[in-house]
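Undergrad: I'd like to go over a predicted model; first the sequence, then the structure.
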Amino acid sequence: MLSLKDPGLLKSQCYINGEWLNADNGESIPVTNPATGEVIGSIPKMGAVETRRAVEAANVAFKTWRKKTAKERANILRKWFDLMMASQDDLAAILTAEQGKPLAEAKGEIAYGASYIEWFAEEAKRIYGDVIPQPANDKRVVVIKEPIGVCAAVTPWNFPNAMITRKAAPALAAGCTMVIKPATQTPLSALAIAVLAERAGIPAGVVNVVTGSAVAIGGELSTNDIVRKLSFTGSTEIGRELMQQTAGTIKKVSMELGGNAPFIVFDDADLDAAVEGALISKYRNAGQTCVCANRLYVQAGVYDAFNEKFAAAVAKLQVGNGTEAGVTQGPLIDAKAVAKVEEHIADAVAKGGKVILGGKRHALGGSFFEPTIVTGVTKEMKVAREETFGPLAPVFKFETEEEVLGYSNDTEFGLASYFYARDIGRIWRVSEGLEYGMVGINTGIISNEAAPFGGVKQSGLGREGSKYGIEDYVEIKYLCMGGLDK
Ligand SMILES: NC(=O)c1ccc[n+]([C@@H]2O[C@H](COP(=O)([O-])OP(=O)(O)OC[C@H]3O[C@@H](n4cnc5c(N)ncnc54)[C@H](O)[C@@H]3O)[C@@H](O)[C@H]2O)c1
Ligand SMILES: O=C[C@H](O)CS(=O)(=O)O
């Protein structure tokens, strides 16, 4: 059982209009720990009717929340940030229990998630408009920015805290209200965020969390005309479905979708730095990260040296229950995730790939999997085209810059990409040649609240974080002031 300093953070009810509620039919869904299989809690199995009530509550709350000054909203968001950081240990314990990542990573996620609240508490006060030089002296052209209204957020299980705050923070900062549907595998983190929102003084109806049937809740959020914006983080497949569903009411959408990140090591790279970057980029959250290195490309001249160093570093990863000291890789989220990794390994080996480390389920059983490296891989393999979303590093060999750019861009995805090199001309050529929303240069970690996080092609629409992140939650209004020459 979860032992928290603040047991009030562990909720089994949804948060709608400032009330903690069960499903209308009383049904609930268990929440299990992926490391042990034990039930750690339960959540209401809500559907369209409860979701509609949450949307209507958010609509009522919008009328007053938007009228607060930016400074008033900023102060309340700052309080929310302070409360989240004060509860970092408990929030991390809840996150590790329901998602599986090591406690140190979970604590890092809480700080990362809270940093979006801190950032947008500040950005709230900088949503500037324009006064544009008038084309005729009887008029003045003024532009103001206004909150778009009731927003919906549908979020994934792999970062159960940060993927929510990365949406709720800019939305509330802009004066919007929000209905959140977290992933069914990891809802307790979302409910804990709502507890702290309530304690921070965020008024009833401004933040709402609904759990239960994804199709029913998502269907209501994507078709209810009161919802003016839907922000989704998850697979490209579901993102495409939600875009189609929102088209009927012409909603604004943000889509943070799947990835297939290339991680390129050129022969002029600092090899030790490249190994360190590849390790963190590939195996963070057991590889269950949208921006993790999905394909490693190493130039022929350093291919063997890189693989030797990389295998030695990966072999040091400690697989186990995320609550145990020293563990650096937890379980995968479920058996389906394990099956996908096994499918990708089997396909690569069948087509000539060589497993030089790991390659099978961990001795711990369940959904634990050995950190794995496969060499001798080619573009005909599934690992070249599909997002593995697990602790599998396929290492491709390449000869020239032109060749590796061609390989890297040969995908429908365009989220994150990485490369290690030291020649400045190469750094500029490759940075501009990669068709991705984000490029890590001599680093394997690119995510922070100050940066515009997002993808191109079928990895999504819009940006989260940075000064750009709040633009997705405002509408531009043009005021044409006439008759000024009389
Ligand atoms: N780009 C990013 O920032 C980012 C971040 C995290 C995860 N992801 C992507 O998400 C995927 C893994 O996460 P996942 O398994 O939670 O993704 P998913 O698409 O299966 O689920 C994401 C969310 O959508 C909900 N959902 C599922 N089917 C739905 C439907 N028919 N209608 C409405 N909602 C529905 C789920 O309950 C969950 O809350 C990977 O592809 C990963 O790359 C992207
Ligand atoms: O999985 C997707 C997240 O956006 C990862 S990150 O923590 O933002 O890098």
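TA: Cool, got the structure. Numbering: from 1, shown residues only. Ligands and ions are numbered 1, 2, ... in the order given.
Undergrad: just so I have it, where are all the helices in the stretch 201-350 of the chain?
TA: Under the criterion DSSP state H, counting those that start in this stretch, the stretch 201-350 of the chain contains helices at 214-223, 236-246, 271-283, 303-314, 335-350.
Undergrad: so which of these comes closest to ligand 1?
TA: Ranking the helices of the stretch 201-350 of the chain by their distance to ligand 1 (criterion: Cβ to the nearest ligand atom) puts helix 214-223 first, at 2.3 Å. No exception for glycine: its C-beta is placed from N, CA and C like everyone else's.
Undergrad: The closest one vs ligand 1: in contact?
TA: Yes - counting by Cβ under 6 Å from any ligand atom, ligand 1 has neighbours in helix 214-223: A214, V215, G218.
Undergrad: As PDB, could you dump the C-alpha coordinates of that helix?
TA: Extracted in PDB, the C-alpha atoms of helix 214-223 (Å, rounded to 0.1, in the frame of the first residue of the first chain):
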ATOM      1  CA  ALA A 214     -11.600   6.900 -23.000                       C
ATOM      2  CA  VAL A 215     -13.900   6.600 -26.000                       C
ATOM      3  CA  ALA A 216     -17.000   7.900 -24.200                       C
ATOM      4  CA  ILE A 217     -15.200  10.800 -22.400                       C
ATOM      5  CA  GLY A 218     -13.000  11.600 -25.400                       C
ATOM      6  CA  GLY A 219     -16.100  11.500 -27.700                       C
ATOM      7  CA  GLU A 220     -17.900  14.100 -25.500                       C
ATOM      8  CA  LEU A 221     -14.800  16.300 -25.200                       C
ATOM      9  CA  SER A 222     -14.300  16.200 -29.000                       C
ATOM     10  CA  THR A 223     -17.900  16.900 -30.000                       C
END
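Undergrad: any idea of the mean pLDDT in it?
TA: For helix 214-223, mean pLDDT is 98.
Undergrad: For that helix, list every residue counted as buried.
TA: When burial is assessed from 16 or more other Cβ atoms under 10 Å, helix 214-223 yields the following buried residues: A216, I217, G218, G219, E220, L221, S222.
Undergrad: which strands and helices sit next to it?
TA: The helices and strands touching helix 214-223, judged by 3 or more Cβ pairs under 8 Å, 6 or more residues apart in numbering; DSSP states H and E, are helix 48-65, strand 150-154, strand 177-181, strand 227-233, helix 236-246.
Undergrad: Format these as CSV; extra columns: distance to Y436, mean neighbour count and mean pLDDT.
TA: Shown next, in CSV, are those (distance: least, Cβ to Cβ, whole Å; neighbours: other Cβ atoms under 10 Å; pLDDT from 0 to 100):
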stretch, distance to Y436, mean neighbour count, mean pLDDT
helix 48-65, 34, 20, 99
strand 150-154, 24, 28, 99
strand 177-181, 28, 29, 99
strand 227-233, 17, 26, 98
helix 236-246, 15, 17, 98
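Undergrad: Quick one: residues contacting the spatially most central residue of the chain.
TA: Centroid-nearest residue in the chain: M163, 4.4 Å away (criterion: Cα atoms, centre = their mean). Taking Cβ atoms under 8 Å, 6 or more residues apart in numbering, we find M163 in contact with T155, P156, T233, E256.
Undergrad: What of V39?
TA: V39 neighbours (Cβ under 8 Å, 6+ apart): P30, V31, T32, N33.
Undergrad: From the residues you listed, list just the buried residues.
TA: For the contacts of V39, buried by 16+ other Cβ under 10 Å: V31, T32, N33.
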